[in-house]
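> Pasting the sequence and the predicted coordinates here, then a few questions.
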Amino acid sequence: MQTFWRTAISVAIVVVIIGINYIIFESGTFRIVLNSLCLFIVLLYNQLRPPEKK
């Protein structure tokens, strides 16, 4: 269950960040770079905190 919440929170953070980028930045290239970076950070965060084994 904790894994689900961590994933849900990660997805929510990415969606919010992408939404903010979409509103603020008109430059497509910069937006793509920033979104890729955010996605990488989230994936890294999920790797560093492995789900608890039941």
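Looks like it arrived, so ask away. Residues are numbered from 1 along each chain as shown.
> Past the lengthiest helix in the chain, which element shows up next along the chain?
Secondary structure of the chain per DSSP state H: the longest helix is helix 2-24. Using DSSP states H and E, the helix or strand that directly follows helix 2-24 along the chain is helix 28-48.
> Would you mind pulling up the elements that that following helix packs against?
Taking 3 or more Cβ pairs under 8 Å, 6 or more residues apart in numbering; DSSP states H and E as contact, the helices and strands that helix 28-48 lies on are helix 2-24. For the C-beta atoms, the positions are set from N, CA and C on the backbone; glycine is no exception.
> rewinding a little: could you tell me the angle between the longest helix of the chain and helix 28-48?
On the basis of axes from the mean of the first three to the mean of the last three Cα atoms, to 10 degrees, helix 2-24 is oriented at 170 degrees to helix 28-48.
> tell me the contacts of the residue nearest the centre of the chain?
Nearest to the geometric centre of the chain sits residue 14, at 3.4 Å (Cα atoms, centre = their mean). Shown in contact with residue 14 (Cβ atoms under 8 Å, 6 or more residues apart in numbering): 35, 38-39, 42.
> so how far is the longest helix of the chain from its chain's centroid?
5 Å (Cα atoms, centre = their mean, to the nearest Å).
> hey, C-alpha coordinates of that helix in PDB?
The C-alpha trace of helix 2-24 is given here as PDB (Å, rounded to 0.1, in the frame of the first residue of the first chain):
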ATOM      1  CA  GLN A   2       2.900   2.300   0.800                       C
ATOM      2  CA  THR A   3       4.300   1.600  -2.600                       C
ATOM      3  CA  PHE A   4       1.000   2.700  -4.200                       C
ATOM      4  CA  TRP A   5       1.000   6.000  -2.300                       C
ATOM      5  CA  ARG A   6       4.600   6.700  -3.100                       C
ATOM      6  CA  THR A   7       3.900   6.100  -6.800                       C
ATOM      7  CA  ALA A   8       0.700   8.200  -6.700                       C
ATOM      8  CA  ILE A   9       2.600  11.100  -5.000                       C
ATOM      9  CA  SER A  10       5.400  10.900  -7.600                       C
ATOM     10  CA  VAL A  11       3.000  10.900 -10.400                       C
ATOM     11  CA  ALA A  12       1.100  13.900  -8.900                       C
ATOM     12  CA  ILE A  13       4.300  15.800  -8.500                       C
ATOM     13  CA  VAL A  14       5.300  15.200 -12.100                       C
ATOM     14  CA  VAL A  15       1.900  16.300 -13.300                       C
ATOM     15  CA  VAL A  16       1.900  19.500 -11.300                       C
ATOM     16  CA  ILE A  17       5.500  20.300 -12.400                       C
ATOM     17  CA  ILE A  18       4.700  19.700 -16.000                       C
ATOM     18  CA  GLY A  19       1.500  21.800 -15.700                       C
ATOM     19  CA  ILE A  20       3.500  24.700 -14.200                       C
ATOM     20  CA  ASN A  21       6.100  24.400 -16.900                       C
ATOM     21  CA  TYR A  22       3.400  24.400 -19.500                       C
ATOM     22  CA  ILE A  23       1.900  27.600 -18.200                       C
ATOM     23  CA  ILE A  24       5.100  29.500 -17.400                       C
END
